[in-house]
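[1] sequence first, then the predicted structure, then my questions.
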Amino acid sequence: EAQVTQNPRYLITVTGKKLTVTCSQNMNHEYMSWYRQDPGLGLRQIYYSMNVEVTDKGDVPEGYKVSRKEKRNFPLILESPSPNQTSLYFCATGGVPGEQYFGPGTRLTVT
Amino acid sequence: AQSVAQPEDQVNVAEGNPLTVKCTYSVSGNPYLFWYVQYPNRGLQFLLKYITGDNLVKGSYGFEAEFNKSQTSFHLKKPSALVSDSALYFCAVGGSGAGSYQLTFGKGTKLSVIP
């Protein structure tokens, strides 16, 4: 079954404590992306990757890092989380242009 | 820069009635247009897309969308709404070529189908 998995699904943390949200896909897709979803703002892209070792900034990259060492994994790293990074995060992957498969989401709260 | 506007935050429709969720876009060149649906506590799911060809495209769950180049619109439609269609709907636009992997999403429209 085609799948995009994210972990953890829910996370409450404190300001400044480094965290990583993992994303893994089993579809052998080259394209992967991270979005955040906020009420009234829709989905905004954080980072994306067109292939292994190739990553690029999206619309809202500040405060985030990513890496793409393997095709299947695309972790999102918050080195020093702040309350304004409280959000719902989605990982997505795509094999056909524009047709993206989304993970179930990670709800992050930073206090 | 490409952009998408969904002018309605919420659309209410009675079960069995036709529904329309509106979307307008702005992009250089020929657009790639998409609709996604998000059910509560779930990720987005692809519904349908327009790349080229017929202006009326059909997608999953009985949904269709009409591309109108002169009005730069791509409205989502369904002839008869179901309660189970209640969800958050996102329109998205991508550029042509390799850039079409990159999507710009609208802010979403919440559809409520009333029994």
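    Right, received. Where do you want to start?

[2] so where's chain B shaky on pLDDT?
    Within chain B, the stretches with pLDDT under 70 are B:95-100.

[3] chain B against chain A: which residues are in contact?
    Contact residues (C-beta under 8 Å from any C-beta of the partner chain) of chain B with chain A: B:32, B:34, B:36, B:41-46, B:49, B:90, B:92, B:94, B:98, B:100-103, B:105-108. For the C-beta atoms, the positions are set from N, CA and C on the backbone; glycine is no exception.

[4] residues near the residue in chain A positioned nearest to chain B, how many?
    Of all residues in chain A, residue A:102 sits closest to chain B, at 3.3 Å by C-beta to the nearest C-beta. When neighbours are defined as other C-beta atoms under 10 Å in any protein chain shown, residue A:102 has 22 of them.

[5] against residue B:18, how distant is it?
    Taking C-beta to C-beta, to the nearest Å as the measure, residue A:102 falls 28 Å from residue B:18.

[6] could you do residue A:86 as well?
    Between residue A:86 and residue B:18 the distance is 38 Å, computed by C-beta to C-beta.

[7] which residue is nearest the middle of chain A?
    Nearest to the mean C-alpha position of chain A, by C-alpha atoms, centre = their mean, lies residue A:34 at 3.3 Å.

[8] distance of that residue from residue B:88?
    Per C-beta to C-beta, residue A:34 is found 19 Å from residue B:88.

[9] go on, residue B:40?
    The spacing between residue B:40 and residue B:88, counted by C-beta to C-beta, is 8 Å.

[10] the two: which is more packed in?
    Between residue B:40 and residue B:88, residue B:88 has the larger neighbour count (other C-beta under 10 Å), namely 19 against 7.

[11] all helices in chain B, in order from the N-terminus.
    In chain B, no helices are found when defined by DSSP state H.

[12] identify the residue of it closest to chain A, quick one.
    Closest contact between chain B and chain A, by C-beta to the nearest C-beta, is at residue B:43 (3.3 Å).

[13] now do the contacts for that residue.
    By C-beta atoms under 8 Å, 6 or more residues apart in numbering or on different chains, the contact list for residue B:43 reads A:4, A:90, A:92, A:102-105.

[14] before we move on, what about residue A:90?
    Applying C-beta under 8 Å, 6+ apart, we find residue A:90 in contact with A:6, A:34-37, A:43, A:102-103, A:105-106, B:43-44.

[15] just list whatever residues bridge to it.
    Assessed by DSSP bridges, residue A:90 has beta-bridge partners residue A:35.

[16] now go through the contacts of residue B:43 and say which are in strands.
    With DSSP state E as the criterion, strands contain A:4, A:90, A:92, A:102 from among the contacts of residue B:43.

[17] and the residue nearest to the third one when sequence neighbours are not counted, how many neighbours does it have?
    Beyond its immediate neighbours in the sequence, the residue positioned closest to residue A:92 (C-beta to C-beta, 6 or more residues apart in numbering or on different chains) is residue A:100, lying 4.3 Å away. One way to gauge burial is a neighbour count; for residue A:100, by other C-beta under 10 Å, it gives 28.

[18] for the contacts of residue B:43, which one is nearest residue A:30?
    Residue A:30 lies nearest to residue A:92 out of the contacts of residue B:43, by C-beta to C-beta, at 12.8 Å.

[19] now the closest one: how far from residue B:72?
    Residue A:92 is 25 Å from residue B:72, where distance means C-beta to C-beta.

[20] same question for residue B:54.
    In this view, residue B:54 and residue B:72 are 18 Å apart by C-beta to C-beta.
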